[in-house]
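Student: task: produce atomic coordinates for the following.
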Amino acid sequence: MYNNRNMDKMFNVSLPVNILREGSKFIAYTPALELSTEGNTFEEAKKNFEEAVLIFFEEITQEKKTEDALSSLGWVRVNAKFVPPTMVSTQNETFSIPLMQ
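Tutor: Residues are numbered from 1 along each chain as shown. Predicted coordinates for the structure are as follows:
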C-alpha cells in the first residue's frame, strides 16, 4: 500500500489517462509515465492507477532519480516543477492489415 511519509513536498499535475476495456478487465494507461494498471471495474482501474502514480513518484523521489526518470519520459523542468509532455491528439485511425488465420 502507498505511504506518503517520505514525500515532503507535493504539487498537482494533470496527466492524460486512457481507460480501455480488454475483455472483462479495465486498463488505465498514461503515455506521460508509460504506466498502466488494471481493475475489474472502471472505478477500480482508476483507483489502482492513482495509487500507481503515487508509488511511481515515491520511488523515483526516494532513489533521488526524479529528474533523470522524468526527463527520459519527455518531461521538462519549469521553475521548481516538472511538466509532462502535452497530449496533442487521441483518435482512432483505420489501417489495412493482413488477415491472420
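
Student: residue 48 should be in a helix, yeah?
Tutor: Yes - membership of residue 48 in a helix is supported by DSSP: H, G, I helix; E, B strand; the rest coil.

Student: first-to-last residue distance for stretch 56-76?
Tutor: Using C-alpha to C-alpha, to the nearest Å, the span of stretch 56-76 from its first residue to its last is 17 Å.

Student: show me which positions of that stretch end up buried.
Tutor: Buried residues in stretch 56-76, counting neighbours by 16 or more other C-beta atoms under 10 Å, are found at 57, 58, 60, 66, 69, 70, 73, 75. (Glycine included, C-beta is placed from N, CA and C.)

Student: so the first one, which state does it fall into?
Tutor: Three-state call for residue 57 (three-state DSSP): helix.

Student: per-residue pLDDT, it?
Tutor: Looking at residue 57, its pLDDT is 93.

Student: again, but for the fourth one
Tutor: Listed pLDDT for residue 66 reads 91.

Student: quick one, strands of this structure?
Tutor: Using DSSP state E, the strands of the chain run over 18-22, 25-30, 35-39, 76-78, 81-83.

Student: who does the third one pair up with?
Tutor: So that's strand 35-39. Strand 35-39 sits in its sheet next to strand 25-30 (antiparallel), going by DSSP bridges.

Student: just the first one next, same as before
Tutor: Under the criterion DSSP bridges, strand 18-22 sits next to strand 25-30 (antiparallel) in its sheet.

Student: list the buried residues of the partner strand.
Tutor: 26, 27, 28, 29, 30.

Student: let's have those residues in JSON lines, adding distance to residue 40.
Tutor: Formatted as JSON lines, the buried residues of strand 25-30 follow (distance: C-beta to C-beta, whole Å):
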{"residue": "26", "distance to residue 40": "7"}
{"residue": "27", "distance to residue 40": "11"}
{"residue": "28", "distance to residue 40": "12"}
{"residue": "29", "distance to residue 40": "17"}
{"residue": "30", "distance to residue 40": "20"}
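
Student: which of the residues you listed sits closest to residue 48?
Tutor: Each of the buried residues of strand 25-30 was scored against residue 48 by C-beta to C-beta, and residue 28 proved nearest at 6.9 Å.

Student: since that was my last question, I'll sign off now.
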